[in-house]
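Enquirer: attaching a predicted model along with its sequence, questions to come.
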Amino acid sequence: MNHTDKQTRILYGVAYYPEYMPVRRISTDMEMMKKAGINTIRIAESSWSSFEPEDGVFDFSIVKEILYYAGKYDLHVIIGTPTYAIPSWLVRKYPDILAVTHNGPSLYGHRQNMDITHPGYLFHAERIIRRLMEVCAGHPNVIGYQLDNETKSYDTAGERVQKMFVAYLKDKFKTTDALNTAFGLTYWSNRIASWEDFPDVRGTINASLGAEFKAFQRRLVTDFLSWQSGIVREYARDDQFLTQNFDFAWSDHSEGLQPEVDQRSVARALTIAGVDIYHPSAGDLTGAEIAMGGAIGRSIKKAPYLVLETQAQGNPGWLPYPGQLRLQAYSHLAGGAVSVMYWHWHSIHNSFETYWKGVLSHDLQENETYHEVCQIGQEFASHADLLSYRPVAECAILLGHRSLTGISYFPIGGLSYHQIMRWLFDALYRLNITCDMIYPEDVLSEDTGSLCQKYRIILTPALYSASDALIKKLKEYVFFGGHLISTFRSFFSDENLSVHPKVQPCDLTECFGIAYDQFTIPSGIVPLHFTEGILSGDAAASHSSVRAVSFMELLRPLSEETEVLASYDHSAYEKYAAITWHPFGKGSAAYLGCFFTDTLTLEELLRNLCTRMGILPPGPVFPVICKRSAKDDGSSLLYLFNYSGEEKTCFLPETGSVTLAPYDVQLFYNS
Amino acid sequence: MNHTDKQTRILYGVAYYPEYMPVRRISTDMEMMKKAGINTIRIAESSWSSFEPEDGVFDFSIVKEILYYAGKYDLHVIIGTPTYAIPSWLVRKYPDILAVTHNGPSLYGHRQNMDITHPGYLFHAERIIRRLMEVCAGHPNVIGYQLDNETKSYDTAGERVQKMFVAYLKDKFKTTDALNTAFGLTYWSNRIASWEDFPDVRGTINASLGAEFKAFQRRLVTDFLSWQSGIVREYARDDQFLTQNFDFAWSDHSEGLQPEVDQRSVARALTIAGVDIYHPSAGDLTGAEIAMGGAIGRSIKKAPYLVLETQAQGNPGWLPYPGQLRLQAYSHLAGGAVSVMYWHWHSIHNSFETYWKGVLSHDLQENETYHEVCQIGQEFASHADLLSYRPVAECAILLGHRSLTGISYFPIGGLSYHQIMRWLFDALYRLNITCDMIYPEDVLSEDTGSLCQKYRIILTPALYSASDALIKKLKEYVFFGGHLISTFRSFFSDENLSVHPKVQPCDLTECFGIAYDQFTIPSGIVPLHFTEGILSGDAAASHSSVRAVSFMELLRPLSEETEVLASYDHSAYEKYAAITWHPFGKGSAAYLGCFFTDTLTLEELLRNLCTRMGILPPGPVFPVICKRSAKDDGSSLLYLFNYSGEEKTCFLPETGSVTLAPYDVQLFYNS
Amino acid sequence: MNHTDKQTRILYGVAYYPEYMPVRRISTDMEMMKKAGINTIRIAESSWSSFEPEDGVFDFSIVKEILYYAGKYDLHVIIGTPTYAIPSWLVRKYPDILAVTHNGPSLYGHRQNMDITHPGYLFHAERIIRRLMEVCAGHPNVIGYQLDNETKSYDTAGERVQKMFVAYLKDKFKTTDALNTAFGLTYWSNRIASWEDFPDVRGTINASLGAEFKAFQRRLVTDFLSWQSGIVREYARDDQFLTQNFDFAWSDHSEGLQPEVDQRSVARALTIAGVDIYHPSAGDLTGAEIAMGGAIGRSIKKAPYLVLETQAQGNPGWLPYPGQLRLQAYSHLAGGAVSVMYWHWHSIHNSFETYWKGVLSHDLQENETYHEVCQIGQEFASHADLLSYRPVAECAILLGHRSLTGISYFPIGGLSYHQIMRWLFDALYRLNITCDMIYPEDVLSEDTGSLCQKYRIILTPALYSASDALIKKLKEYVFFGGHLISTFRSFFSDENLSVHPKVQPCDLTECFGIAYDQFTIPSGIVPLHFTEGILSGDAAASHSSVRAVSFMELLRPLSEETEVLASYDHSAYEKYAAITWHPFGKGSAAYLGCFFTDTLTLEELLRNLCTRMGILPPGPVFPVICKRSAKDDGSSLLYLFNYSGEEKTCFLPETGSVTLAPYDVQLFYNS
């Protein structure tokens, strides 16, 4: 069942919690929603204690009331299973239901604090899900289900969970010797001779073991949501979808790959992926997080995805300027989303997220944000055609959880995995080169020829953990015509974060035409010298001030064919290259051996590389953003966005000269 | 009994701990005190383990010795009950006597770490108090008692205390449903259906519940000190006072309203309030903390107060410049204090506060500070007349604990409650406009007419929590002739920190002539544009660089009469007002919708507002400080201070031209 | 037995962990070592769980294999007892073997987390040591033993350890009253009347008590290593040495006196001291840490020392520039080391120190670092003569653990003990004045005449804790011809951190010709005014911008003979001196009453002081470093180093004009 094929309108919606509100006004709310063109609400995922105030006592009256009015006002309803925030009576019943984590035991109060493997939790979660499904599944307005919400393992690491982990290790490694060897446990006397000696994993200083525990915790999430999926499927109609609300690594806003969930593995139990995307706004709005979140969103099931949550007024400081809400809404669609749903309808008057504001402020009246929602709703109502277009990408960024974990264990120079990924992604975004996100399994499972056809360029930002098989496949990819752009710290360790005992870049020296074994954090000033002609425009003029910072590898070119694009202008490093390009077989491979902060220089470098690799960036650059989508029949659609407060004029072959008002968006069809 | 009516001299004193000293020299010390004009010592509050070295074994020899010499040297003595620092044998006897807090169990060593509701603690505290009282109460030199010291709940939050809290909630809300509704517990599944399900409150993420627990902890302090008061009263003579040493919110020095104590509620059990005031000194001395502490001090019992502690040499970096100690001493008197007592006489040679230095350094010799004390003592001896004057204030700042808690739970833009309060208070201080401090109960209990008469202007800095009744009363106050100056974030939530589901400023839109429902943290630069004529002098010239920072509300003027004093000079906000003034009934109301850091601009804005509200600031401004006091007979007294290291000349109608030496103070009587 | 007398070659070596490596290649490694001139390896100290994989099951095959090949390749071997990192089975056997610290219980995983007083630990440690000794002791290539590694108490502070502490206190103080008095426990009711009342020391706020517990923990380290020494001595041959790998206070690199170990007390159980020295490199290399570490190293046994660990490639950011590794190696020798051993041979592929790189990178191939090692190895092979020279020092810096602890309890102005010590040490280093390190016991145990002869100048950076006896001895030292340079905060408290109740500098006012009792942290700008002629050159020209920061004492000159070298240029402090010099008896004493950051000014001040105290700094200053050594026969050796990336020319009487290439070192013999 592919839900989106059947979808006939853009889902424009809100999360809705009438049970939170100080006044009961469901029909008032829905009247306002209707007027605004809102056609979907998401309910129920946060309020277990309302539905089951006492153990075994159920009260779904509020759900029924919402469904009744949803029917009356013709709103789609997405039902969330209410299992991510447990009632206090459940904790009273099973005090050990609260997760024991690396920080010790948890206290009740917060959501997402329970041990998702606890039998008592699972028993009661199953019961509340079944009761809720009995109430909702048959209702004609219910279009789908969200399993739990932003599920993680919550770092559950108590004794029972650790026993499960040891069983998992036994299953994976069979012998303690195999484990000792794979993880290098000999170091600091950590090796074990019997499984019984396995210590509390929370104390480990072994990155390989720590990474394995994190992988195990991700598996717990997959297991838990797959189990929920099985229950919900017993009740769901064929026309109803199953989804999850996946979130991202977070750093005041959505930042990158979610470290705690293997979303693609979870998604096997879903019919459509859902994400929540939050981003800076007002003077800090760039759209990069929307594009990034979309690229990950459509990677989860290699298909369109739901935006189940995004900001309306949002956190303090996110209040959008006039026009930005509309710009954002279309940006989600351009990324491949088939819904735009706000978190949330009304603002909340108590507790914790009081200042994470919804469409309505606390006064529950029409306001500026609501008025812009009305405009969007009206436009979306006549734009169901947008659903049949898919974003077009010739590049892919190769992401990996183990690489992320590796960089977080060894954050040399203070650079995070997300930072390095976003360094590349954001520069390409500003150049208007669309990227997909792919994962090691995608590379390994695709035959090389079709991989070459699918993506002209694959980029590996800090792909720290790479198995021999993955390295071999990427080498083939280049040999047969693909192009590779890799940053420093790629290919350094294997899948267990064990450093490859080989010359770096491991088994790819022939492909990149370089080798290195030393690297450092620049002390003092290490200017980067770019070879004449690599940079153009302003970047060329100003590049003399660009410096290697945070991390630098000392690259030794190995062949005449290795083109040194940049080198270190420093007496101690003058014989080394900093950035290189090398033809290999039918393709080519570029290597960025150091970090630098000048974004214009990075953009120009990538423009140069993409061009020589066969992708010509369109003329306009950020703040003008162009996004191309295409239908199966070959017809295409161009979105033009102006991410600035000033009028912008740009020229594209298919549009001619276009003038965009501040924060404007325009659509151009080309059949 | 009003102690101060009978007071015939300014109490000039020191805290005195001969039991701490490496040498026994009580008569030497008192000789030196006497010579310096010191007439009062405070003793005994810190040394329970000296008085009761073993359970039930008492030794008050040191107290008796001090009293003997005090008699000999004619020193007043204030006796502190020694209950805020417990002996280790008491912990050995009752290991659970140490408070379990949000940070888990406490360890012995620090003072103020016990559970003040523990029956074992109360039993032993009562016994040591009674024994001490038996020794001291009859002594002629004992003029009063200090109950405990800087008492708090020390965040006691163990199981038994939490049971008391649930009983308190039951008593207050009767049903769990009422509790759920008042606090919005439905959110994140926190609602409870039976009192037995009430979870460990330490984990709560609900601001309303958290605030209630803080209020409950304040009540524990009131209960505890009232209980102590009852015991001490059994022994105290009629001519002896009962006080507490109240301290303030602390941020390297006294900062504002003490969040952990309801001082006015405690003070019902006292005969006079006492405070400790600490402040930056040397190049950072402004006197603002002395004025602020004094305003709170006299608000506690609406009467003169004791300064039980203030700095002599103080913390490192506080060593006063020559003349500052004298300046500070008179500043306390100008604020309404009837004592100035230093913490402490001698510096301490061991332990923890070794570098919080007293009048004497560790060498116990005469020094520069001692010499300035001598000068002050001599002057004070001939200034008993100052005791009969009371500070004159036409303005009042309205403070509230719930508002403080609300802002601390939701510190948008990083502004603390104290910061916003001090923003207003300090600007008025620099303008030489004296403020009282008042509280919601003061407003509610006073009839509107007399409130208007008492205070021409009431200011509400971030009065985040305001009940319907308080809002109604303030509206009446303005209607009948009062003037209101409110900042952003005032009136936003009710007494339970539940946001009012109404247009803001809640129920005061008619009064302020404005409405708003949106606000944000400025991103980028948001200049404030002040209407021509609002600012004068340097502020007018430089105001183009003043910017809204940290927080801004988007105010919509509602009436022609609403005067926009400042607006946002930014395309996204150009239709909104930033600062407004509006006549309402016989009074008027001004609203400051955003924060900015330029103090000169704030002073000029307040000068403008105060002037139109009928209070004309005197000519001089900081660093020249003028403080007016008055007697019941109408005669008045003007203090003139120079808070700078340079000579200052100023002009006032009643004094003519006056020249003040660096750090000088002069007094002008006007009968 | 003095090992070094018998040493016939410079030990040039590496730590070696073949058991960590992903491939077995001992003979390959040793072949490479041999080629490089490496003659020594240190093994075994980290791998208990490899040698005893199960309780009582032993496997020393890897040790035997290493020894076999060491024999074949003629490498010296140092055996480390493998007791600082325990196997997990030992924790399973004794769960309470993990230390309970101020932070609560420890988890397994990290090294150095056990309670070194735990009987179970001691039993098993003894057994593994004996078994290892049986395997190794007879092997001809084994030249010595390292007991444990970087041993500390790991803050063990559990119940049993605290009982030992109380017994220790009882033994030291006999009565609780003596304890109460010595530590000032009366304060905050901490005094105790019976030993049974002694509370959990982890909660104490009493600096004297806290310092005593730290001293007790240092004693545990001494006891533990002395006990290990006894065991190892049973097996060791006469030609084999016993050492420990002492490290330093750490702040990203070796910083100063190790606070947790009394190295000299431990060293009584050793035949030679060993240290590890790590330091900034590349653009941040100065050599100061090598000099400082060397000065402490040779102070431990007042004899040459082993450098058992120093960096090869080291931490990220430490990768040396070409030539620096060689410069560093000779710098160790110039400091008095008889070995230079790298940590470590190969880089580690897993776990925790993956990026603390050895001589070889992870690819285990020859590289730039290896090539420089080869050059050094070759040079060292022909330089055994260097072993017979000893560094010549006429100055000594007086260090003390209690002073360190005192400053860490009361870090006024944010200055750490190490910072103040390094302030003096580094300035002298840059002036090319070599310092020894001495300790209170050295001063007390030497008769005054010979102390005067040994050291022309003694410096006391922040000698916060000084007993009456020590003060008296220093006064005598000056009186009989020695010279003293003391900084602020010296002599302030006694050996228990109890502040001397006397005029400061305690009992030395006559010696320094000054007195003070007040001090402060400068607020605002407090310029230092240097008396004409004190500074010369650039320092004189720029000194008007030098300011007192962080801490300043208000010094009162007491005599006409007191020369004020600098005073405070500030109206509040104008009558005080900041820096003074005073002749006393046959010697003189200078006092630096405040801190300032301008290093050039400090150097010129010290140049002035040293000159008047009879030590003439040689001409060159940093980055040219000259180090003098001498043989017993009076012949001497001059090392000249260039610590910069530019060619330097300098002139010295014994060498004439010398030109040094970037990072060059040259040796000049003078017999």
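Expert: Looks like it arrived, so ask away. Quick caveat, the model's predicted, so the values are computed rather than measured.

Enquirer: show me where pLDDT drops low in chain A?
Expert: The model of chain A has pLDDT under 70 over residues A:1-5.

Enquirer: within range of chain C, give me the residues from the stretch 351-500 of chain A.
Expert: Neighbours of chain C within the stretch 351-500 of chain A, by C-beta under 8 Å from any C-beta of the partner chain: A:410, A:412-413, A:493, A:496-500. Just so you know, the C-beta spots here come from the backbone N, C-alpha and C atoms, and that holds for glycine as well.

Enquirer: quick one: buried ones out of the residues you listed?
Expert: Buried subset of these (neighbour count, 16 or more other C-beta atoms under 10 Å in any protein chain shown): A:410, A:412-413, A:493, A:496-500.

Enquirer: and the two most separated of those?
Expert: The most widely separated members of these, counting by C-beta to C-beta, are A:413 and A:496 (23.4 Å).

Enquirer: can you map out the helices along the stretch 551-671 of chain A?
Expert: According to DSSP state H, counting those that start in this stretch, the stretch 551-671 of chain A carries its helices in the segments A:599-612.

Enquirer: how about the contacts made by the closest residue to chain C within it?
Expert: As assessed by C-beta to the nearest C-beta, chain C sits closest to residue A:572 within the stretch 551-671 of chain A, at 4.0 Å. Going by C-beta atoms under 8 Å, 6 or more residues apart in numbering or on different chains, residue A:572 touches C:282, C:321-322, C:645.

Enquirer: which SSE is residue A:180 in?
Expert: Per DSSP states H and E: residue A:180 is located in helix A:176-183.

Enquirer: that helix near chain C anywhere?
Expert: Yes - Helix A:176-183 reaches chain C (C-beta under 8 Å from any C-beta) through A:181, A:183.

Enquirer: run through the neighbouring helices and strands of that helix.
Expert: On a contact count with 3 or more C-beta pairs under 8 Å, 6 or more residues apart in numbering or on different chains; DSSP states H and E, helix A:176-183 meets helix A:159-173, helix A:207-233.

Enquirer: please identify the most buried of these.
Expert: The highest average neighbour count among these, using mean count of other C-beta atoms under 10 Å in any protein chain shown, belongs to helix A:207-233 at a mean of 20.

Enquirer: domain assignment for chain A?
Expert: Here the domain parsing of chain A from automatic domain parsing is A:3-99+A:136-153+A:227-388, A:395-612, A:624-670.

Enquirer: so which of those domains is nearest residue B:360?
Expert: The closest of the domains of chain A to residue B:360 is domain A:395-612. By C-beta to C-beta, the value is 49.5 Å.

Enquirer: return the distance of the closest one from the chain's centre.
Expert: Put simply, domain A:395-612 sits 21 Å off its chain's centre (C-alpha atoms, centre = their mean, to the nearest Å).

Enquirer: which parts of the stretch 451-600 of chain A are strands?
Expert: Secondary structure of the stretch 451-600 of chain A (DSSP state E, counting those that start in this stretch): strands at A:457-460, A:483-487, A:514-515, A:519-520, A:528-530, A:549-553, A:556-557, A:563-568, A:577-584, A:587-592, A:594-595.

Enquirer: which residues touch the residue of chain A most remote from its centre?
Expert: Relative to the centre of chain A, and counting by C-alpha atoms, centre = their mean, the farthest-placed residue is residue A:571 at 41.6 Å. For residue A:571, the contacting residues are C:321, C:645, by C-beta under 8 Å, 6+ apart.

Enquirer: would you check that residue A:22 makes contact with residue B:501?
Expert: Yes - with contact defined as C-beta atoms under 8 Å, residue A:22 and residue B:501 form a contacting pair (5.1 Å).

Enquirer: need the residues touching each of those two.
Expert: Residues touching both residue A:22 and residue B:501 (C-beta under 8 Å, 6+ apart): residue A:349.

Enquirer: now do the buried residues in the helix holding residue A:180.
Expert: Under 16+ other C-beta under 10 Å, the buried positions of helix A:176-183 are A:176, A:179-183.

Enquirer: do stretch A:119-132 as well
Expert: For stretch A:119-132, the neighbour count (16+ other C-beta under 10 Å) marks A:121-122, A:124-126, A:128-129, A:132 as buried.

Enquirer: quick check: residues of the stretch 151-300 of chain A near chain C?
Expert: The stretch 151-300 of chain A comes close to chain C at residues A:181, A:183-194, A:196-200, A:202-208, as judged by C-beta under 8 Å from any C-beta.

Enquirer: now those residues: which count as buried?
Expert: By neighbour count, with 16+ other C-beta under 10 Å, these hold A:181, A:183-193, A:197-199, A:202-208 as buried.

Enquirer: spell out which parts of the stretch 301-450 of chain A neighbour chain B.
Expert: A:313, A:316-319, A:321-322, A:347-355, A:361-365, A:367-369.

Enquirer: buried subset of the residues you listed as a ChimeraX selection?
Expert: To isolate the buried members of those in ChimeraX, using 16+ other C-beta under 10 Å:
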select /A:313,316,317,318,319,321,322,347,348,349,350,351,352,353,354,355,361,362,363,364,367,368,369
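
Enquirer: so which of the residues of the stretch 301-450 of chain A next to chain B are in helices?
Expert: Among those, the members falling in helices (DSSP state H) are A:368-369.

Enquirer: residue ranges of the strands in the stretch 1-150 of chain A, please?
Expert: All strands of the stretch 1-150 of chain A, identified by DSSP E, counting those that start in this stretch, fall at A:11-15, A:40-43, A:76-80, A:100-101, A:104-105, A:142-146.

Enquirer: re earlier: just send the helices and strands packed on helix A:176-183 back as TSV, with distance to residue A:240 too.
Expert: Putting the helices and strands packed on helix A:176-183 into TSV (distance: least, C-beta to C-beta, whole Å) gives the following:
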stretch	distance to residue A:240
helix A:159-173	33
helix A:207-233	9
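
Enquirer: quick one, what contacts the residue nearest to residue A:81 when sequence neighbours are not counted?
Expert: What sits nearest to residue A:81 in space, not counting adjacent residues and going by C-beta to C-beta, 6 or more residues apart in numbering or on different chains, is residue A:129, at 4.9 Å. By C-beta under 8 Å, 6+ apart, residue A:129 lies in contact with A:81, A:83, A:228, A:231-232.

Enquirer: now, which of these sits nearest chain C?
Expert: Out of the contacts of residue A:129, the member with the shortest distance to chain C (by C-beta to the nearest C-beta) is residue A:83, at 30.7 Å.

Enquirer: look up the residues forming beta bridges with residue A:114.
Expert: Under DSSP bridges, the beta-bridge partners of residue A:114 are residue A:98.

Enquirer: separation between the residue of the stretch 551-671 of chain A closest to chain C and chain B?
Expert: 41 Å (C-beta to the nearest C-beta, to the nearest Å).

Enquirer: looking at the stretch 301-450 of chain A, which residue is nearest chain B?
Expert: Closest point on the stretch 301-450 of chain A to chain B, by C-beta to the nearest C-beta, is residue A:350, at 2.7 Å.

Enquirer: for chain C, see how far away the residue nearest to that residue when sequence neighbours are not counted is.
Expert: Nearest residue to residue A:350, sequence neighbours excluded (C-beta to C-beta, 6+ apart): residue B:184, at 2.7 Å. Remark: distance between residue B:184 and chain C (C-beta to the nearest C-beta) = 36 Å.

Enquirer: distance of the residue nearest to residue A:41 when sequence neighbours are not counted from chain B?
Expert: Spatial nearest neighbour of residue A:41, chain neighbours left out: residue A:16 (4.2 Å); criterion: C-beta to C-beta, 6+ apart. From residue A:16 over to chain B the distance is 13 Å, taken as C-beta to the nearest C-beta.

Enquirer: residues contacting residue A:16?
Expert: The contact partners of residue A:16, taken as C-beta under 8 Å, 6+ apart, are A:29, A:41-43, A:66, A:344-345.

Enquirer: what of residue A:471?
Expert: By C-beta under 8 Å, 6+ apart, the contact set of residue A:471 is A:491, A:506-508.
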